[in-house]
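Visitor: Quick one, fold the following:
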Amino acid sequence: CGSGLVGDYVRGFCDRLVGVDASAAMVEQARARGEEEGDKIYDEVEHGELVACLEAMGDGADAVVAADVMCYISDLSPAFEAVAGALRRREGGAGLLAFSTESLESGKERSKGWGLKSSGRYGHEATWVRSAVEGAGMTVVEEEEEVLRMNGEEEVWGRVWVASLP
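Guide: Okay, the predicted model is just below:
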């Protein structure tokens, strides 16, 4: 959940919003976000590792949003498998996963479909990400290459993805 920036955007689309972060400092920022105005963003904020928290949730999530999260994980397969397990299965459709991945820098050493960038974050190859999503039993329904954020004056390119259970 980071500091809660994405929570601001998705709050209006959900009845219940749960944030997860591995950093205790980010968890406190997310919990505090909006409290000054009396309008709390998250209903619950968990301090913990992404996969473990998703596995503990069961299969009740309508959507999982992981913006600027996957760049801290090398092999995304366990995360995608945990998301698939956490998404709600229902007649007429299933839950969605929306996430971003950073592009690999050209010439960087890669292990499988990812590599550590000079920023200390991981970049992921699009073909590998698509294969990992499908390996977890989901389908990519949308994918767009975009500037994800600015790092000083430098554009950080990557992809925004939406995946769903079939």
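Visitor: Am I right that residue 81 sits in a strand?
Guide: No: counting by DSSP: H, G, I helix; E, B strand; the rest coil, residue 81 falls outside a strand, being helix.
Visitor: what about residue 86, neighbour count?
Guide: Residues contacting residue 86 under the criterion other Cβ atoms under 10 Å number 21. Using the backbone N, CA and C atoms, a C-beta is placed for each residue, glycine as well.
Visitor: Wait, it touches residue 64, no?
Guide: Yes: Residue 86 is in contact with residue 64 according to Cβ atoms under 8 Å; the separation is 6.4 Å.
Visitor: So for those two, which residues contact both of them?
Guide: Counting by Cβ atoms under 8 Å, 6 or more residues apart in numbering, the shared contacts of residue 86 and residue 64 are 54, 95.
Visitor: so who does residue 105 touch?
Guide: Contacts for residue 105 (Cβ under 8 Å, 6+ apart) come out as 115, 117, 118, 123.
Visitor: And for residue 77?
Guide: 132, 135, 136.
Visitor: so who does the residue minimising distance to the centre of the chain touch?
Guide: The centroid of the chain falls nearest to residue 66 when counting by Cα atoms, centre = their mean (1.5 Å). If you count contacts by Cβ under 8 Å, 6+ apart, residue 66 has them with 50, 79, 83, 97, 98, 99, 100.
Visitor: and if you look at residue 72?
Guide: Here residue 72 is in contact with 22, 121, 122 (Cβ under 8 Å, 6+ apart).
Visitor: quick check, nearest of those to residue 74?
Guide: Of all the contacts of residue 72, residue 74 sits closest to residue 122, with 5.3 Å by Cβ to Cβ.
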